[in-house]
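**Student:** 3D model of this:
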Amino acid sequence: MEILVILVPLMLALGGVGLIAFLWSLRSGQYDDLEGAAWRAVGEDRPPEEAQG
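**Tutor:** Coordinates of the predicted model:
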């Protein structure tokens, strides 16, 4: 049971760090454009330039 004295505060501290990281990512705009990257992945690419020979 003595291990709980170490594990509970450690768990709370790690949860707090995770919450702070999540809130930072919200404020920095990480979730502003969720669909843009998906459409860029399936969008048409420009045709490759032909080798000049």
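
**Student:** With G15 as the reference, measure out to M1.
**Tutor:** 21 Å (CB to CB, to the nearest Å). Glycine gets a C-beta too; all of them are placed from N, C-alpha and C.

**Student:** Neighbour count: these two, which is higher?
**Tutor:** Neighbour count, other CB atoms under 10 Å: between M1 and G15, G15 has more, with 10 against 4.

**Student:** Give the helix, strand or coil label for that one.
**Tutor:** Classification of G15 by DSSP: H, G, I helix; E, B strand; the rest coil places it in helix.

**Student:** quick one, what contacts it?
**Tutor:** Listed by CB atoms under 8 Å, 6 or more residues apart in numbering, G15 has no contact partners.

**Student:** Please report how far it lies from D45.
**Tutor:** Going from G15 to D45 by CB to CB gives 43 Å.

**Student:** which stretches of the chain have low pLDDT?
**Tutor:** Within the chain, the stretches with pLDDT under 70 are 47-48, 50-53.

**Student:** where along it do the helices fall?
**Tutor:** 3-27, 36-42 (DSSP state H).

**Student:** will you turn the ones you listed into TSV that also has distance to E49?
**Tutor:** Formatted as TSV, the helices of the chain follow (distance: least, CB to CB, whole Å):
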stretch	distance to E49
helix 3-27	38
helix 36-42	20
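
**Student:** Any idea which residue is closest to the centre of this protein?
**Tutor:** Q30 (7.0 Å; CA atoms, centre = their mean).

**Student:** Torsion angles phi and psi at that one?
**Tutor:** Per-residue torsions, Q30: phi -70, psi -30 (degrees, to the nearest 10).

**Student:** list the contacts for it?
**Tutor:** Contacts of Q30 by CB under 8 Å, 6+ apart: none found.

**Student:** Kindly report the same for A38.
**Tutor:** Shown in contact with A38 (CB under 8 Å, 6+ apart): no residues.

**Student:** Report the separation between it and Y31.
**Tutor:** A38 is 13 Å from Y31, by CB to CB.
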